[in-house]
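Undergrad: For reference, the sequence and a predicted model appear below.
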Amino acid sequence: MTIAVTEARALVLAMVRACPPTTVTLADALGTIAAAPVASPIALPATPVSVMDGYAVHDDELVGDVVRLPVVGESAAGRPFVGELPRAAAVRISTGAVVPDGSDRVVAQEDTGRDGDVVAIDVARARSSARFVRKAGSDVAKGSRIVDVGLRLGAPELALVAACGIATLEVHARPRVVILSTGDELVAPGTVPGPGQIVGTNGMMLATLARAAGADVMPLLVVPDDLDAHTEAIAGALDGPLAADVVVTCGGASVGDHDLVMPALARCGAKVHFHGVAARPGKPTAFATRDRAALFALPGNPASAFVMFELFVRPALRRMLGVRGSPVRPLQRWPAATAFEGAGAREHWVRARIVDGRVHALPDQASGSLRSLADVDALVRVPANVAAIAAGEACEAMVLSDAWHERGPST
C-alpha cells in the first residue's frame, strides 16, 4: 500500500533531528547553520574612520569663504596619524583611514586646493556636503548580536564575523551521508560499458545533490547484486567508522528477484516506515530508521532517484543541518505554458523548465531520461486524480535552484 507524498514527508521530518553542535573555523562554516548566538567583542569600526579622500579638520574652523590650513601629517589606511589634530591645522586622510583625535569633519579632496604644505578649503562647498566621518560602532556596537541561532552562514555573514575578530563558530554538524549504488551492471564513469553494463551515474548525481544540500558525503560505494553484500554495506555505513547519519541506496528498492535493499534493511534491524509512495516517478521509494540514522531506498531510474531526493532526502538533510522553519522547497504558483498530464491515483511530479515567466513541461518524462534532468529547473505537481493541467492554467511548481534567473528572460 502506498503513502501520499505529504504524509510520507511529514513522517520523514518527524523522525530526523538537527545534528549536534560542533565548533568549526570560518573556512569550514560556509552553508552551515549557527547553533549558538554570537556577540561582537569589539565595535565596528573600532574608531572613527574617513569615508572620503580629503583632509581631516576641526569643523568649527570652517568660517568665511576660504580657509587655508597647514597640513601637519597624514592618516592612511593602516598608518594612522599619531596624536591629536592641532588647532588651525589639517591632516591629509585616505578613505578608510582613522580620523585623528579632535577632528570632527573630513573635507572631500574635490572641495580643496593644495599649495605645498597648505590646503585651501572652499567653505561653502565643504559645508554643503556631509562630514564624511564614519563613527565608531556605527556598523556594529560592542556586545551587540551578530549571529542568531538558526542563521544560515553565507559569505556576507562570515565576513561580518571575521571583521569582528572571531575565528570559530558553533554550528550544527553537517549530516554524514553514505550513498550506495546497487547493481552488477554498474561501471565507473570513464569506463566503456560492456554488454549489459551501464555507467553508474546515479551515485554521483545523488552525492552532488547531497553536498549542495549541505551534507558531508562519504566516498561512493557500488554494491553487487548479492544479499550478503547489501547487508554488509548498509551495516558498515551504520556501524563502521563512517557512522552515517543518512544512508541512501539507489536501485533494488522494488520487489523483484534482484531487489535486495529491503531484505538487507531487515537484516540490519532497520524499522521501515513506508515502502511505496503515491507519486510518479519514484513509487518504490522506502524510508527506514535505525537508532539515530535515516535510511532512504530510492529507485534506480535517474529521474525517480532525482525527484525522490528532492521530495524526501533533501528536506531531511536540511532539517539535520539545523534549518529553522520548513526545510522543504516551497510550491509556487506559475502559469503553465504547456499541458501537464496527471498520473491517475498518484501525484505526478513533472520535470519542467521556466522560460519567460511560465513553466514548460519537458518533452521526455521517461523515468530513465537523463536528458530531461539536465534541462530541469522546476518540478510541477499535478495532484492525484487530476487528468491534466491545461496550458494557460495556474500550476504549483517547486523551483529547484536560481539557475533560471541566470539565463535571462528569454532563453
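TA: Looks like it arrived, so ask away.

Undergrad: Give me the domain ranges for the protein.
TA: Split into domains by automatic domain parsing, the chain comes to 5-19+174-321, 22-44+139-172, 49-134, 331-406.

Undergrad: How far does the longest one stretch from one end to the other?
TA: Domain 5-19+174-321 stretches 22 Å from its first residue to its last (C-alpha to C-alpha, to the nearest Å).

Undergrad: Quick check: the gap between the spatially closest residue to residue 131 that is not a sequence neighbour and residue 265.
TA: Of all residues not flanking residue 131 in the chain, residue 105 sits nearest, at 4.7 Å (C-beta to C-beta, 6 or more residues apart in numbering). Yep, even glycine has a C-beta here, placed from its N, CA and C like the rest. In this view, residue 105 and residue 265 are 73 Å apart by C-beta to C-beta, to the nearest Å.

Undergrad: now swap in residue 77 and tell me
TA: Residue 77 is 61 Å from residue 265, by C-beta to C-beta.

Undergrad: quick one: the strands in the stretch 151-300 of the chain?
TA: With strands called from DSSP state E, counting those that start in this stretch, the stretch 151-300 of the chain shows them at 168-172, 176-182, 186-187, 198-199, 216-217, 221-223, 246-250, 271-275, 279-280, 286-290, 293-298.

Undergrad: Can you check which of the ones you listed gets nearest to residue 135?
TA: Of all the strands of the stretch 151-300 of the chain, the one in closest proximity to residue 135, counting by C-beta to C-beta, is strand 168-172 (27.5 Å).

Undergrad: helices or strands up against the closest one?
TA: Contacts defined by 3 or more C-beta pairs under 8 Å, 6 or more residues apart in numbering; DSSP states H and E place strand 168-172 against strand 21-25.

Undergrad: one more time with 10 Å, if that's ok
TA: When contacts are defined as 3 or more C-beta pairs under 10 Å, 6 or more residues apart in numbering; DSSP states H and E, strand 168-172 sits against strand 21-25, strand 38-39, strand 145-147, helix 155-163, helix 314-321.

Undergrad: Name the residues of it that are buried.
TA: Buried residues in strand 168-172, counted by 16 or more other C-beta atoms under 10 Å: 169, 170, 171, 172.

Undergrad: per-residue confidence averaged over it?
TA: Summarised as a single mean, pLDDT over strand 168-172 is 98.

Undergrad: Most distant residue from the centre of this structure?
TA: Distance from the centre of the chain peaks at residue 64, with 57.0 Å (C-alpha atoms, centre = their mean).

Undergrad: Poorly predicted segments of the stretch 1-150 of the chain, please.
TA: Judged against pLDDT under 70, the stretch 1-150 of the chain has no low-scoring part.

Undergrad: all strands for it, in order.
TA: Counting by DSSP E, counting those that start in this stretch, the strands of the stretch 1-150 of the chain are 21-25, 38-39, 49-50, 54-57, 66-75, 90-93, 105-108, 112-115, 118-122, 133-134, 145-147.

Undergrad: How confident was the prediction at residue 404?
TA: pLDDT, residue 404: 40.

Undergrad: what is residue 350 paired to in the beta sheet?
TA: Residue 350 has the following beta-bridge partners by DSSP bridges: residue 380.

Undergrad: how about the helices of the stretch 301-411 of the chain, start to end?
TA: In the stretch 301-411 of the chain, the helices defined using DSSP state H, counting those that start in this stretch lie at 302-308, 314-321, 370-375, 403-406.

Undergrad: Mind putting the helices and strands packed on strand 168-172 into TSV with distance to residue 282 and mean neighbour count?
TA: Formatted as TSV, these follow (distance: least, C-beta to C-beta, whole Å; neighbours: other C-beta atoms under 10 Å):
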stretch	distance to residue 282	mean neighbour count
strand 21-25	33	14
strand 38-39	41	16
strand 145-147	38	17
helix 155-163	34	14
helix 314-321	13	24
